[in-house]
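Any chance you can model this:
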Amino acid sequence: MAGAAGLDLIPWIQALQRHLCRRCLTSIPWIREIRCEGCGRAMDCPDCARRRSPALLLNRAAVRYDSTMKDWLAAYKYRGHERLQFLISVMLEYAYEQLLMKLKTTNEIMRKSTDERRGSFYPLLTAVPLSDRRLQERGFNQAERLAEHLAARYKLDYAPLLQRIRHTNRQSHKSRRERLQDLRGAFVAAPAAEQICTGSSKCPYDAIVIVDDVYTTGSTLHECAKVLRETTGMPIYSITWAR
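Residues are numbered from 1 along each chain as shown. Prediction:
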(Lines give C-alpha, C1' and ligand atoms only; values in the text may rest on other atoms or scores of the structure.)
Protein backbone atom coordinates (compact mmCIF):
# COMPACT_ATOMS: atom_id res chain seq x y z
CA MET A 1 0.00 0.00 0.00
CA ALA A 2 1.69 3.19 -1.19
CA GLY A 3 2.33 5.69 1.58
CA ALA A 4 1.00 3.40 4.30
CA ALA A 5 2.19 4.01 7.82
CA GLY A 6 2.92 0.31 8.12
CA LEU A 7 3.23 0.32 11.89
CA ASP A 8 1.76 -2.24 14.23
CA LEU A 9 -0.65 -0.46 16.56
CA ILE A 10 -0.67 -3.19 19.18
CA PRO A 11 1.80 -1.51 21.62
CA TRP A 12 -0.22 1.71 21.69
CA ILE A 13 -3.56 -0.07 21.88
CA GLN A 14 -2.30 -2.10 24.84
CA ALA A 15 -1.06 1.02 26.61
CA LEU A 16 -4.36 2.83 26.06
CA GLN A 17 -6.83 0.05 26.76
CA ARG A 18 -6.06 0.13 30.48
CA HIS A 19 -7.44 3.67 30.55
CA LEU A 20 -10.18 3.70 27.90
CA CYS A 21 -13.40 1.82 27.39
CA ARG A 22 -13.74 -0.20 24.22
CA ARG A 23 -15.96 2.39 22.59
CA CYS A 24 -13.46 5.21 23.13
CA LEU A 25 -10.55 3.02 22.09
CA THR A 26 -12.16 2.07 18.80
CA SER A 27 -13.12 5.70 18.08
CA ILE A 28 -9.49 6.79 17.71
CA PRO A 29 -8.94 7.68 14.04
CA TRP A 30 -5.34 6.50 13.66
CA ILE A 31 -3.54 7.58 10.51
CA ARG A 32 -2.70 4.23 8.96
CA GLU A 33 -2.20 5.37 5.38
CA ILE A 34 -0.37 8.56 4.44
CA ARG A 35 -1.35 10.38 1.26
CA CYS A 36 0.74 13.54 1.72
CA GLU A 37 4.37 12.73 2.41
CA GLY A 38 5.08 16.28 3.51
CA CYS A 39 2.61 16.74 6.36
CA GLY A 40 1.58 13.13 7.00
CA ARG A 41 -2.06 13.70 6.15
CA ALA A 42 -4.34 10.80 5.27
CA MET A 43 -5.54 12.69 2.19
CA ASP A 44 -4.02 14.96 -0.44
CA CYS A 45 -2.87 18.31 0.92
CA PRO A 46 -3.16 21.53 -1.13
CA ASP A 47 -1.11 23.47 1.43
CA CYS A 48 1.97 21.28 0.93
CA ALA A 49 1.57 21.48 -2.84
CA ARG A 50 1.93 25.27 -2.63
CA ARG A 51 5.14 25.31 -0.63
CA ARG A 52 8.55 25.54 -2.29
CA SER A 53 11.74 24.58 -0.43
CA PRO A 54 10.18 24.63 3.05
CA ALA A 55 12.41 24.72 6.12
CA LEU A 56 10.21 22.04 7.69
CA LEU A 57 11.24 18.85 5.91
CA LEU A 58 8.60 16.46 7.19
CA ASN A 59 5.71 16.15 9.63
CA ARG A 60 4.07 13.02 10.94
CA ALA A 61 0.86 12.82 13.00
CA ALA A 62 -0.83 10.07 14.97
CA VAL A 63 -4.53 10.70 14.34
CA ARG A 64 -6.96 12.59 12.13
CA TYR A 65 -8.35 15.68 13.81
CA ASP A 66 -12.00 14.65 13.68
CA SER A 67 -14.82 15.77 15.98
CA THR A 68 -13.94 13.21 18.66
CA MET A 69 -10.30 14.24 18.79
CA LYS A 70 -11.33 17.91 18.92
CA ASP A 71 -13.44 17.12 21.98
CA TRP A 72 -10.53 15.30 23.62
CA LEU A 73 -8.11 18.14 23.05
CA ALA A 74 -10.59 20.78 24.22
CA ALA A 75 -11.22 18.81 27.41
CA TYR A 76 -7.47 18.67 28.06
CA LYS A 77 -6.46 22.20 27.08
CA TYR A 78 -9.44 24.24 28.22
CA ARG A 79 -11.27 22.19 30.85
CA GLY A 80 -8.32 20.78 32.76
CA HIS A 81 -8.87 17.06 32.21
CA GLU A 82 -5.32 16.10 33.14
CA ARG A 83 -5.88 12.39 32.55
CA LEU A 84 -5.95 13.05 28.83
CA GLN A 85 -2.35 14.25 28.90
CA PHE A 86 -1.10 10.69 29.31
CA LEU A 87 -3.38 9.35 26.59
CA ILE A 88 -2.40 12.01 24.07
CA SER A 89 1.28 11.58 24.95
CA VAL A 90 1.14 7.84 24.33
CA MET A 91 -0.60 8.39 21.01
CA LEU A 92 2.09 10.90 20.01
CA GLU A 93 4.66 8.11 20.27
CA TYR A 94 3.02 6.55 17.23
CA ALA A 95 3.69 9.75 15.24
CA TYR A 96 7.35 9.67 16.28
CA GLU A 97 7.65 6.06 15.17
CA GLN A 98 6.16 7.04 11.82
CA LEU A 99 8.82 9.73 11.47
CA LEU A 100 11.58 7.26 12.30
CA MET A 101 10.27 4.77 9.76
CA LYS A 102 10.09 7.41 7.04
CA LEU A 103 13.65 8.55 7.69
CA LYS A 104 14.90 4.99 7.61
CA THR A 105 13.18 4.15 4.33
CA THR A 106 14.55 7.29 2.65
CA ASN A 107 18.05 6.90 4.12
CA GLU A 108 17.80 10.29 5.79
CA ILE A 109 19.15 9.16 9.15
CA MET A 110 22.44 10.93 9.37
CA ARG A 111 24.38 8.91 11.90
CA LYS A 112 24.64 5.26 12.84
CA SER A 113 25.32 5.44 16.54
CA THR A 114 26.67 2.65 18.69
CA ASP A 115 25.09 4.30 21.70
CA GLU A 116 21.99 2.23 22.55
CA ARG A 117 20.46 5.22 24.32
CA ARG A 118 20.46 7.19 21.10
CA GLY A 119 19.80 4.49 18.54
CA SER A 120 20.34 5.37 14.89
CA PHE A 121 18.66 8.80 14.97
CA TYR A 122 19.26 11.25 17.77
CA PRO A 123 17.32 14.52 17.45
CA LEU A 124 16.91 17.37 19.87
CA LEU A 125 13.26 17.85 20.78
CA THR A 126 11.59 21.20 21.22
CA ALA A 127 8.02 22.50 21.37
CA VAL A 128 5.97 25.27 19.82
CA PRO A 129 5.89 28.00 22.49
CA LEU A 130 2.88 29.90 23.77
CA SER A 131 2.72 33.64 24.21
CA ASP A 132 2.96 34.90 27.80
CA ARG A 133 -0.70 35.87 27.64
CA ARG A 134 -1.84 32.44 26.46
CA LEU A 135 0.38 30.67 28.99
CA GLN A 136 -1.13 32.75 31.78
CA GLU A 137 -4.65 31.93 30.61
CA ARG A 138 -4.08 28.20 30.30
CA GLY A 139 -1.47 27.62 32.98
CA PHE A 140 0.61 25.21 30.90
CA ASN A 141 1.96 24.62 27.42
CA GLN A 142 0.48 21.35 26.13
CA ALA A 143 3.10 21.05 23.36
CA GLU A 144 5.89 21.35 25.90
CA ARG A 145 4.37 18.63 28.07
CA LEU A 146 4.05 16.33 25.06
CA ALA A 147 7.67 16.96 24.08
CA GLU A 148 8.92 16.31 27.59
CA HIS A 149 7.02 13.00 27.73
CA LEU A 150 8.51 11.94 24.41
CA ALA A 151 12.02 12.93 25.51
CA ALA A 152 11.70 10.81 28.65
CA ARG A 153 10.18 7.88 26.75
CA TYR A 154 12.91 7.75 24.09
CA LYS A 155 15.79 9.07 26.23
CA LEU A 156 16.24 12.16 24.10
CA ASP A 157 17.14 15.71 25.04
CA TYR A 158 14.55 18.47 25.21
CA ALA A 159 15.23 22.19 25.10
CA PRO A 160 13.01 25.28 24.67
CA LEU A 161 14.52 26.56 21.42
CA LEU A 162 11.87 29.11 20.50
CA GLN A 163 10.23 32.16 22.04
CA ARG A 164 6.91 33.66 21.04
CA ILE A 165 7.39 37.39 21.12
CA ARG A 166 4.00 38.42 19.80
CA HIS A 167 0.58 37.20 20.90
CA THR A 168 -1.75 36.04 18.12
CA ASN A 169 -5.39 35.12 18.35
CA ARG A 170 -6.38 31.50 17.82
CA GLN A 171 -5.61 30.37 14.30
CA SER A 172 -8.45 27.86 13.88
CA HIS A 173 -10.93 30.29 12.31
CA LYS A 174 -8.49 32.14 10.07
CA SER A 175 -7.78 31.64 6.39
CA ARG A 176 -4.43 30.32 5.22
CA ARG A 177 -3.36 33.83 4.12
CA GLU A 178 -4.41 35.34 7.43
CA ARG A 179 -2.43 32.71 9.33
CA LEU A 180 0.70 33.34 7.29
CA GLN A 181 0.47 37.08 7.83
CA ASP A 182 -0.43 36.75 11.50
CA LEU A 183 2.46 34.44 12.36
CA ARG A 184 5.21 36.22 10.44
CA GLY A 185 7.73 37.44 13.00
CA ALA A 186 5.86 35.93 15.94
CA PHE A 187 8.75 33.61 16.88
CA VAL A 188 12.44 34.12 17.56
CA ALA A 189 15.18 31.72 18.52
CA ALA A 190 15.77 31.28 22.22
CA PRO A 191 19.32 31.45 23.61
CA ALA A 192 19.41 27.65 23.76
CA ALA A 193 19.03 27.45 19.97
CA GLU A 194 21.83 29.93 19.34
CA GLN A 195 24.17 27.84 21.49
CA ILE A 196 23.71 24.62 19.47
CA CYS A 197 26.92 23.72 17.72
CA THR A 198 26.46 23.62 13.96
CA GLY A 199 28.80 22.63 11.17
CA SER A 200 30.86 20.63 13.64
CA SER A 201 31.38 16.91 14.13
CA LYS A 202 31.04 17.55 17.86
CA CYS A 203 27.33 18.35 17.54
CA PRO A 204 25.50 15.43 19.18
CA TYR A 205 22.20 15.95 17.35
CA ASP A 206 21.15 14.77 13.92
CA ALA A 207 18.22 17.16 13.64
CA ILE A 208 15.63 19.17 15.54
CA VAL A 209 12.11 17.77 15.96
CA ILE A 210 9.40 20.28 16.83
CA VAL A 211 6.43 18.94 18.81
CA ASP A 212 2.91 20.38 18.70
CA ASP A 213 -0.60 19.11 19.37
CA VAL A 214 -2.30 19.77 16.01
CA TYR A 215 -1.13 20.43 12.46
CA THR A 216 -3.83 22.34 10.58
CA THR A 217 -2.44 24.37 7.69
CA GLY A 218 1.07 24.00 9.09
CA SER A 219 1.62 27.77 9.23
CA THR A 220 2.80 27.74 12.85
CA LEU A 221 5.17 24.81 12.45
CA HIS A 222 6.64 26.13 9.21
CA GLU A 223 7.27 29.53 10.77
CA CYS A 224 8.98 27.87 13.75
CA ALA A 225 11.04 25.67 11.43
CA LYS A 226 12.14 28.69 9.41
CA VAL A 227 13.47 30.41 12.53
CA LEU A 228 15.30 27.30 13.73
CA ARG A 229 16.75 26.52 10.33
CA GLU A 230 18.11 30.05 9.95
CA THR A 231 19.56 29.95 13.47
CA THR A 232 21.06 26.47 13.62
CA GLY A 233 21.40 25.28 10.02
CA MET A 234 20.12 21.87 11.15
CA PRO A 235 17.46 19.66 9.47
CA ILE A 236 14.04 20.40 10.97
CA TYR A 237 11.21 17.86 11.33
CA SER A 238 8.00 17.90 13.34
CA ILE A 239 5.50 15.55 14.91
CA THR A 240 1.98 16.33 16.02
CA TRP A 241 -0.69 14.40 17.83
CA ALA A 242 -3.34 15.24 15.22
CA ARG A 243 -3.52 16.28 11.58
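
quick one: contacts for R60?
R60 makes contacts with 34, 40, 95-96, 98-99, 102, 238-240, as judged by CB atoms under 8 Å, 6 or more residues apart in numbering. In short, each C-beta sits where N, CA and C put it, glycine included.

so after the helix ranked longest in the chain, what's the next helix or strand?
Identified as the longest helix of the chain according to DSSP state H is helix 83-105. Sequence-wise, the next helix or strand downstream of helix 83-105 (DSSP states H and E) is strand 124-127.

Any idea how far the longest helix of the chain is from the middle of the chain?
With CA atoms, centre = their mean, to the nearest Å as the basis, helix 83-105 stands 9 Å off its chain's centre.

tell me the mean pLDDT over it?
Summarised as a single mean, pLDDT over helix 83-105 is 94.

for stretch 167-186, same thing?
Mean pLDDT, stretch 167-186: 67.

Wait, a strand at V211?
Yes: looking at V211 with DSSP: H, G, I helix; E, B strand; the rest coil, it is inside a strand.

Chain neighbours aside, what residue packs nearest to it?
Distances taken as CB to CB, 6 or more residues apart in numbering place A147 nearest to V211, at 3.8 Å, with adjacent residues excluded.

Mind giving me the packing neighbours of whichever strand or helix holds the one you found?
Taking DSSP H and E as the criterion, A147 maps to helix 142-154. Judged by 3 or more CB pairs under 8 Å, 6 or more residues apart in numbering; DSSP states H and E, the packing partners of helix 142-154 are helix 83-105, strand 124-127, strand 157-158, strand 208-214.

Most neighbours among the contacts of R60, which one is it?
The most crowded member of these is I239, carrying 30 neighbours; neighbours defined as other CB atoms under 10 Å.

was I right about L92 contacting S238?
No: with contact defined as CB atoms under 8 Å, L92 does not count as touching S238 (11.5 Å).

Having no further points to raise, I will conclude here.
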